[in-house]
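Q: Using only what follows, build the 3D model:
(chains A, B, C and D)
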2 protein chains.
Amino acid sequence: MSKSASNGPTIRDVAKRANVGLATVSRVLNGSAPVAEDTRNKVLQSISELNYTPSPTARKLSLGKTFVISIIIPFFTRPSFIERLRGIDSVMANSDYDFIVFNVETMEKRDQYFSTVPRPDRSDGVIIVSLPTKDEDIELFRNKRVPVVLIDTQHPALTSVIEDSVKGGDDATEHLIALGHRRIAYVSDILHDPLAHNYTASRNRLMGYRQSLDRAGVAFNPDYHCFCHHDRPTTRAMMRDVLARPERPTAVFCASDTQALGTMEAARDLGLRVPEDLSVVGYDDIEIAEYVGLTTMRQALFESGKRGAELMLQHLGGQLAVPHVECLSTNLVIRNTTCPPQDPT
Amino acid sequence: MSKSASNGPTIRDVAKRANVGLATVSRVLNGSAPVAEDTRNKVLQSISELNYTPSPTARKLSLGKTFVISIIIPFFTRPSFIERLRGIDSVMANSDYDFIVFNVETMEKRDQYFSTVPRPDRSDGVIIVSLPTKDEDIELFRNKRVPVVLIDTQHPALTSVIEDSVKGGDDATEHLIALGHRRIAYVSDILHDPLAHNYTASRNRLMGYRQSLDRAGVAFNPDYHCFCHHDRPTTRAMMRDVLARPERPTAVFCASDTQALGTMEAARDLGLRVPEDLSVVGYDDIEIAEYVGLTTMRQALFESGKRGAELMLQHLGGQLAVPHVECLSTNLVIRNTTCPPQDPT
DNA sequence: TTACTTACTGAAAGCGGTTTCATGATTTGG
DNA sequence: CCAAATCATGAAACCGCTTTCAGTAAGTAA
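A: Residues are numbered from 1 along each chain as shown, chains lettered A, B, ... in the order given. Model (predicted):
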């Protein structure tokens, strides 16, 4: 039943009222071809008298475009993801495109969205945030012929915006080493769960961490590599154990601020003072980090979303044929959860 | 140019391959009319061989529906709004509808979205979150014949999901009074800025606050009603002044956790201990509240989004003709930023 | 003046579905 | 066993827009 009741005026109504062909109306609407001044005015007047606005859906069908950019993003509830979304919004809001967000919280959702969302009749483009892509995924995307841009992950075949997590991990660790720490723990997400908060990023930060350790001649101690699910309570519980060990670390570098907070809670539980007894460095610089005075690695989160969206728009505009990788820089914000160790090794 | 290159197989291709009319294919697709077992199988096979999926856009045009629910929401970056969005997502993700988010950060955006988004050819329904609506807005919506559901605001003509902010304000204040406080300040958003974080809510909480004061026989002191823009630094600066006064309040009830944090920073600045020298109650129970041990009013944020989305779906399904108001309850989470005053008045 | 452009414009053919309508094949039942 | 109701199905119309195509009128060159 196409009885959409009081569906407003159509382009035909406008044409009839202006005594022109409906093609002409379309032409003045889109400026797609020259129209005589008089005719244009008649049409314009007819349009405003009828209070006409063209139907987006009809337009989409005719043009074979959806004017939709889909964003596939995990846990869009977490502070860092939100910032990225805001960046995307900041450019999309002024474009012809709507964007719709697909929130991934389980592996099934991921697979479901990966296979149903990147279809030409569903999205003109897809932006994937913080979700590692396998080669077979890429193959799928390619078959569907929908442009894909990656944010916070990378794949040789696709345009992506990343942060230099290796350098970030290196710099953070470097800071602790410079302060005199040697027993430095690294806390991250579980590294074999591809749906972990920050799968790739966690790995890369680990690389940076080890790299910095190497440079300082400190051997990597597997016992100091701690990982658990990405939330405060879990981290707190785990770190309570770690910090209770005889040879406990004097400093902890966490792959996220949330985990840094969990670590600080654990320290509090054990009566350890931060930073005197334990230095803590986080990652992300979420809003609350400033409140608690957390030393942390700030990422260009908003910027990453913005650039990702811009690159997508360029893609759609026809510029930017080849995959393009853009790397944003991070910088350390030193507050007061770090200081030289009391009892240097 | 409708030369959408390699546009996949259409319903006609399927029909041809199965040697049936395309109407029949549509029928098996939608189960809209009986189809003989053999025929159905032929069609099904043809579909799977061609790897056919129907074009959503064409379907939308034909059906005169958009299958889109639009969400108009301010500052979707703030923790409390995110929770609401998650609630909405939890029901929408399993429906036939996509939802697209319109982020309002300025008055212009508000007006723009209010007038362009609720159009039948743009959205099948609109959910407005935390944005007060004027009568003229309502009139506009009615003309467009698009169902609207309000979350965290209210209007007699529309279905809405609200929290009982009056009671929330009352309960929070009551808690402080029960502890023995009499000099209780109230911190809120600016009450004459309709785009303020929580315009209506702030007003209602004020009512609850006064109501509770009245009951206890405490006169309302305008000097204790503080308001400023909704962010931590601003609140901090303002409260630094307030708390420096000779007759400073012994307790503060804040209309949001963010402002409670700002208040606590101000106390810290002045060397006031919380809760010994100053009790603080927040509102929202955002994630970090637990970390800092903030006593606060927990709202059913997720639930509000969920219910709002459900009501919208009911609307669209034809149930629920009359405006329906649903009120969710709040409850106080007592942690350790409140205690009896040291120096009771 | 005639032939040839050039500038506009309307009719019609899609885009890919859904639904109405008419028809032929089957049942049903009296 | 024949009329009537039922079922399954294909052809065609329609949703509201864009674009091609062909044709008319006006302008230009020879």
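Q: now check the one helix or strand A:Gln259 maps to, is it near chain B?
A: Using DSSP states H and E, A:Gln259 falls within helix A:257-269. Yes: using C-beta under 8 Å from any C-beta of the partner chain, we find that helix A:257-269 touches chain B at A:261, A:265. Every residue, glycine included, has its C-beta placed from N, CA and C.
Q: On the pLDDT front, check A:Pro54 for me.
A: With respect to pLDDT, A:Pro54 scores 95.
Q: Let me see the contact set for it.
A: By C-beta atoms under 8 Å, 6 or more residues apart in numbering or on different chains, A:Pro54 lies in contact with A:11, A:29.
Q: What are the buried residues along the helix holding A:Gln259?
A: A:257-267 (16 or more other C-beta atoms under 10 Å in any protein chain shown).
Q: Past that helix, which element shows up next along the chain?
A: On the C-terminal side of helix A:257-269, the closest following helix or strand by DSSP H and E is strand A:279-284.
Q: between that next one and helix A:257-269, how many degrees?
A: Following axes from the mean of the first three to the mean of the last three C-alpha atoms, to 10 degrees, one obtains 160 degrees for the angle between strand A:279-284 and helix A:257-269.
Q: Excluding chain neighbours, give the residue nearest to whichever residue of the stretch 101-250 of chain A sits closest to chain B in space.
A: The nearest approach of the stretch 101-250 of chain A to chain B comes at A:Asp121, 4.4 Å away (C-beta to the nearest C-beta). Excluding the flanking residues, the one nearest A:Asp121 by C-beta to C-beta, 6 or more residues apart in numbering or on different chains is B:Ser55, at 4.4 Å.
Q: I'd guessed the one you found sits against B:Thr10; true?
A: Yes: assessed by C-beta atoms under 8 Å, B:Ser55 is found in contact with B:Thr10 at 7.4 Å.
Q: Which one's more surrounded, those two?
A: Neighbours per residue (other C-beta atoms under 10 Å in any protein chain shown) separate B:Ser55 from B:Thr10, with B:Ser55 holding more: 22 against 16.
Q: Show me where chain A dips below the pLDDT cut-off.
A: Chain A contains residues with pLDDT under 70 at A:1-6, A:77, A:193-199, A:343-345.
Q: Which parts of the stretch 201-345 of chain A are strands?
A: Assigned by DSSP state E, counting those that start in this stretch, the stretch 201-345 of chain A shows strands spanning A:225-227, A:251-254, A:279-284, A:295-298, A:325-328, A:331-333.
Q: which stretch among the ones you listed comes nearest DNA strand D?
A: Among these, strand A:325-328 comes nearest to DNA strand D, with 31.5 Å by C-beta to the nearest atom of the strand.
Q: where's the residue nearest to A:Asp121 relative to A:Ile162, distance?
A: B:Ser55 is 34 Å from A:Ile162, where distance means C-beta to C-beta, to the nearest Å.
Q: same deal with A:Ala309?
A: Using C-beta to C-beta, we find A:Ala309 at a distance of 15 Å from A:Ile162.
Q: who has more neighbours, the two?
A: Between A:Ala309 and A:Ile162, counting by other C-beta under 10 Å, A:Ala309 is the more crowded of the two (29 against 19).
Q: Alongside DNA strand D, which residues does chain A contribute?
A: Within chain A, the positions adjacent to DNA strand D are A:2, A:4, A:7, A:10-12, A:22-23, A:26-27, A:29-30, A:32-33, A:52, A:54-55, A:58-59, A:61-63 by C-beta under 7 Å from any atom of the strand.
Q: taking the residues you listed one by one, which sit in helices?
A: A:11-12, A:22-23, A:26-27, A:29-30, A:58-59, A:61-63 (DSSP state H).
Q: which secondary structure elements does the helix or strand harbouring A:Leu85 contact?
A: Element membership of A:Leu85, judged by DSSP H and E, is helix A:79-92. The contact analysis (3 or more C-beta pairs under 8 Å, 6 or more residues apart in numbering or on different chains; DSSP states H and E) places helix A:79-92 against strand A:68-74, strand A:98-104, strand A:125-129, helix A:301-317, strand B:98-104.
Q: Please indicate which of those has the most neighbours on average?
A: Comparing these by mean neighbour count (mean count of other C-beta atoms under 10 Å in any protein chain shown), strand A:125-129 comes out on top with a mean of 26.
Q: what angle sits between that strand and strand A:68-74?
A: 20 degrees.
Q: Walk me through which strands strand A:125-129 pairs with, and which way each runs.
A: Note on strand A:125-129: by DSSP bridges, its sheet partners are strand A:68-74 (parallel), strand A:148-151 (parallel).
Q: Nearest to chain B within the stretch 151-300 of chain A, name that residue for me.
A: Chain B sits closest to A:Ile288 of the stretch 151-300 of chain A, with a gap of 4.7 Å, by C-beta to the nearest C-beta.
Q: Let me know whether that residue touches B:Ile288 as I believe.
A: Yes: with contact defined as C-beta under 8 Å, A:Ile288 and B:Ile288 form a contacting pair (4.7 Å).
Q: Quick check: neighbours shared by these two?
A: Common contacts of A:Ile288 and B:Ile288 (C-beta under 8 Å, 6+ apart): A:261, B:261.
Q: what sits against the residue nearest in space to the middle of chain A?
A: Nearest to the geometric centre of chain A sits A:Val129, at 4.1 Å (C-alpha atoms, centre = their mean). Counting by C-beta under 8 Å, 6+ apart, A:Val129 touches A:71-74, A:81, A:84, A:150-153, A:305, A:308.
Q: again, 6 Å this time
A: Shown in contact with A:Val129 (C-beta atoms under 6 Å, 6 or more residues apart in numbering or on different chains): A:73, A:84, A:151-152.
Q: out of the residues you listed, which one sits closest to A:Gly318?
A: A:Ile151 (21.4 Å; C-beta to C-beta).
Q: Quick one: residues contacting that closest one.
A: Contacts for A:Ile151 (C-beta under 6 Å, 6+ apart) come out as A:129, A:161, A:304, A:308.
Q: Identify the farthest-apart pair in these.
A: Taking C-beta to C-beta as the measure, the contacts of A:Ile151 span a maximum distance of 9.5 Å, between A:Val129 and A:Val161.
Q: rewinding a little: next, format the buried residues of helix A:257-269 as CSV and append distance to A:His315.
A: Output for these, formatted as CSV (distance: C-beta to C-beta, whole Å):
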residue, distance to A:His315
A:Asp257, 32
A:Thr258, 33
A:Gln259, 35
A:Ala260, 36
A:Leu261, 38
A:Gly262, 39
A:Thr263, 40
A:Met264, 42
A:Glu265, 44
A:Ala266, 45
A:Ala267, 47
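Q: With respect to A:Asp284, which of those residues is nearest?
A: Nearest to A:Asp284 among the buried residues of helix A:257-269, with distances taken as C-beta to C-beta, is A:Asp257, at 4.5 Å.
Q: Next to chain B in this structure, residues from the stretch 151-300 of chain A, please.
A: A:261, A:288, A:291 (C-beta under 6 Å from any C-beta of the partner chain).
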